[in-house]
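**Q** Pasting the sequence and the predicted model now:
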Amino acid sequence: MTSAGPPDLTRAREDVLARIAGSGMSQDPHLEAAAPLRTLPPELEAKLAGGAPLDVDLRRRVVGPSAALAALDAVAVAVAIATGHAVLAIVAGVLLVLLAALAVLGARHGGNRLSIADRARIAAASKWRSRQDWSGPLGTGDERGLVIAAVNAVARIAATPGWRSGRLDEQRVRLDLATELDQIDDQAHRIAAARVAGQTGDAVKTAWNAALDRVAALTAYADELDGSAQRQREATAALGGDPVRDGELLTGATLDGYALENLVALTLFLGAQQQGEP
């Protein structure tokens, strides 16, 4: 996949199995993430890329009223001049300038602000809920715990500032987190249904291992994004361990490059899974 080869999922797989063992079966597989999980319209993505604040519609709340008041004030200025009220004309004129300036500045700088409709789209794109029926015996096995582990990993990814940074734009295009959860949810449910039906052959075991690797890759991705994987490598090096690549001890900038390379490998791995590739 990269010069580093396929991602090493050993540690992440162990983390997922531990989370499955400790997951509460009463937990509903759903997520309200800190950032959108689905692709947004290009114009909305552009607003977010520009750091648009989550604010009310500036045009509706400020620009429109300011422009309307400025128009009314212009009439007041004309009337004051016509009737010979010089002081009133001056006051109204000053107010007209202020209102006009507020309207112009609001229109100029508020164009990239997020409207109420924008915020509603972002909120909808940040939510995910299982489409499967996990009731009864289907909800008591490891498969449901696997979905919960995937939800946890995706929540960590979405909560990381780096996920929305420009550095990962290409990877975010390739890796649709909502689709990832949908597919893992479907995979796990089919495996659970086979288990309940008494199927325990190699096909079921292979499907389980593939789903486990997929969630492990998501977990490893979250570890790289939030820095926990790099902290682990640094701790290993500090204790005299051997986090080595191409014969070179991984420290400083080399660790940073290795982390990015791992993210690329994990993106390719997960992207292949989404496309149904082996």
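**A** Good, I have the coordinates. Numbering: from 1, shown residues only.

**Q** Let me see the contact set for the residue lying closest to residue 163 once chain neighbours are set aside.
**A** Computed as CB to CB, 6 or more residues apart in numbering, the closest residue to residue 163 that is not its neighbour in sequence is residue 157, at 5.5 Å. In short, each C-beta sits where N, CA and C put it, glycine included. Residue 157 sits next to 163, 177, 218, 221-222, 225 when contact means CB atoms under 8 Å, 6 or more residues apart in numbering.

**Q** And the helices in this structure?
**A** Ranges of helices within the chain are 10-22, 42-49, 58, 64-82, 86-109, 116-125, 142-159, 169-174, 177-196, 202-226, 228-238, 252-274, based on DSSP state H.

**Q** between the first one and helix 228-238, how big is the angle?
**A** It stands for helix 10-22. For helix 10-22 against helix 228-238, the angle by axes from the mean of the first three to the mean of the last three CA atoms, to 10 degrees is 120 degrees.

**Q** Packing partners of helix 10-22?
**A** helix 142-159, helix 202-226 (3 or more CB pairs under 8 Å, 6 or more residues apart in numbering; DSSP states H and E).

**Q** Could you look over these and pick the most buried one?
**A** A comparison of those by mean neighbour count, using mean count of other CB atoms under 10 Å, puts helix 142-159 on top with a mean of 23.

**Q** thinking again about what came up before, mind checking the helices of the chain for the one nearest to residue 136?
**A** helix 177-196 (8.3 Å; CB to CB).

**Q** Look up how far residue 176 lies from the nearest residue to residue 225 once chain neighbours are set aside.
**A** Closest residue to residue 225 apart from its sequence neighbours, by CB to CB, 6+ apart: residue 160 at 4.2 Å. From residue 160 across to residue 176, the span is 17 Å (CB to CB, to the nearest Å).

**Q** Repeat that for residue 213.
**A** 18 Å.

**Q** what's the weakest-modelled helix or strand in this structure?
**A** strand 248-249 (a mean of 39; mean pLDDT, DSSP states H and E).

**Q** Tell me who's in contact with residue 211.
**A** Residue 211 neighbours (CB under 8 Å, 6+ apart): 143, 146, 184, 187-188, 191.

**Q** number of nearby residues for residue 74?
**A** 15 (other CB atoms under 10 Å).

**Q** from memory it sits against residue 95, does it?
**A** No. Contact status for residue 74 versus residue 95: not in contact, 10.0 Å apart, counting by CB atoms under 8 Å.

**Q** Return every residue with contacts to both of the two.
**A** If you check residue 74 and residue 95 against CB under 8 Å, 6+ apart, no residue is contacted by both.

**Q** give me every residue that touches residue 239.
**A** Going by CB under 8 Å, 6+ apart, the list of residues near residue 239 is empty.

**Q** For the residue lying closest to residue 35 once chain neighbours are set aside, give its distance to residue 149.
**A** Excluding the flanking residues, the one nearest residue 35 by CB to CB, 6+ apart is residue 158, at 4.4 Å. As for residue 158, its distance to residue 149 is 15 Å (criterion: CB to CB).

**Q** and residue 129, what pLDDT?
**A** Reported pLDDT at residue 129 in the predicted model: 95.

**Q** Fine, thanks again, bye for now.
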